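Student: Structure for the following, please:
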Amino acid sequence: MLFMSGNVFSQTNFFGKPGLVRIPKPSFNEDRDNVLFNFSYMPREYSVNNFMNRRSEELFYSLNLRPINWLSVNLVITRPIDVPRIGIGDRHLDFQFYVLNQKRYGINLSMILSPTLDASFIDHNSVFISREIKLSKTLSFEPVFGYGLKANYRKRTKSMRYEDDGYQWIKKSKFGNYYLSGFFGGISINAKDKVFFSAEYDTQYINLSSSVTLFKKLNLKAMYLDFTQLTGQVSYTIFLDKSLKRNVKFHE
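Tutor: Residues are numbered from 1 along each chain as shown. Alright, predicted model coming up:
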């Protein structure tokens with residue numbers, strides 16, 4: 001039941017995965033033989049990591065790859081700018097499973113699972129659907145809807161008082177984590193696989209974005225958070241084996 005989507009290019013969210021502004025989407029790039037590097041900035045008022053419930057300006061460095069057609073792996077390092085710390089930053093890991101695709105089932109359906117890491121304050125587990133609608137050969141739009149769990153199955157921290165010290169369901173808000181908590185949705189517009197626009201509700205704010213892809217590898221993106229704050233993002237894709245990519249397209 002696991003198949004590839006029909007999209008040629010997927011706009012990325014601030015985590016460096018297929019998405020809009022802050023929310024993900026279940027469609028993706030057909031070309032699996034690449035690695036995407038992403039850098040984004042979140043201002044204090046719209047911080048996501050919220051290390052120990054402390055808001056801060058945040059820098060996100062991420063790497064996204066798809067080792068098999070139905071799975072992508074996303075690695076993220078977050079550096080709160082004005083929070084003293086030792087080390088490279090907070091680490092985050094999640095797995096996105098592409099369960100259904102539009103070519104065969106009429107919709108795209110994905111799930112994200114985040115294994116709990118002691119240093120991660122942005123764990124999120126969610127399910128979401130979308131459908132790309134073609135308006136012309138060069139223009140399409142894609143509505144996205146989903147739901148993110150409001151609690152994570154994890155151990156308590158030393159600062160929390162629970163009778164049970166083992167794994168249990170704990171509200172994400174206890175850790176300052178409000179990312180994808182509840183229902184979210186949005187829409188993206190794709191013009192010639194080069195210019196993208198999106199609008200979304202990310203369970204907290206209404207956000208807008210526009211981006212442009214240069215040389216089929218570099219994507220520059222401007223984001224407008226809650227109609228109040230401008231921020232930016234840069235993504236770069238490295239193709240691992242061009243000959244393999246040509247062979248895959250030939251056999252298709």
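Student: chain center to the helix or strand where Arg91 lies, what's the gap?
Tutor: Element membership of Arg91, judged by DSSP states H and E, is strand 90-100. When distances are taken as Cα atoms, centre = their mean, to the nearest Å, strand 90-100 is centred 9 Å away from the chain's centroid.
Student: From the contact counts, what lies against that strand?
Tutor: strand 71-80, strand 108-113 (3 or more Cβ pairs under 8 Å, 6 or more residues apart in numbering; DSSP states H and E). C-beta: built from backbone N, CA, C; applies to glycine.
Student: in its sheet, what does that strand sit against?
Tutor: strand 71-80 (antiparallel), strand 108-113 (antiparallel) (DSSP bridges).
Student: Least confident of the helices and strands packed on strand 90-100, on average?
Tutor: The weakest mean pLDDT among those belongs to strand 71-80, with a mean of 91.
Student: In that strand, which residues are buried?
Tutor: Ser72, Asn74, Val76, Ile77, Thr78, Arg79, Pro80 (16 or more other Cβ atoms under 10 Å).
Student: Identify the residues contacting the fifth one.
Tutor: For Thr78, the residues meeting the contact criterion (Cβ atoms under 8 Å, 6 or more residues apart in numbering) are Val48, Asn49, Phe51, Glu58, Leu59, Phe60, Tyr61, Gly89, Asp90, His92, Ile122.
Student: burial measure for Phe37, as a count.
Tutor: Each residue near Phe37 was counted by other Cβ atoms under 10 Å, and the total is 14.
Student: Quick check on it: phi, psi?
Tutor: phi -110, psi 140 (degrees, to the nearest 10).
Student: Quick check: bridge partners of it?
Tutor: Leu63, Tyr236.
Student: mind listing the helices for the stretch 101-250 of the chain?
Tutor: 102-105, 242-251 (DSSP state H, counting those that start in this stretch).
Student: ranking the ones you listed by mean pLDDT, which is last?
Tutor: The bottom spot among the helices of the stretch 101-250 of the chain, by mean pLDDT, belongs to helix 242-251, with a mean of 41.
Student: in the protein, what spans have low per-residue confidence?
Tutor: The model of the chain has pLDDT under 70 over residues 1-10, 29-32, 84-88, 117-119, 156-165, 241-252.
Student: one step back: any chance of the buried residues of strand 71-80 in CSV, with distance to Tyr178 too?
Tutor: Output for the buried residues of strand 71-80, formatted as CSV (distance: Cβ to Cβ, whole Å):
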residue, distance to Tyr178
Ser72, 24
Asn74, 19
Val76, 17
Ile77, 20
Thr78, 15
Arg79, 19
Pro80, 16
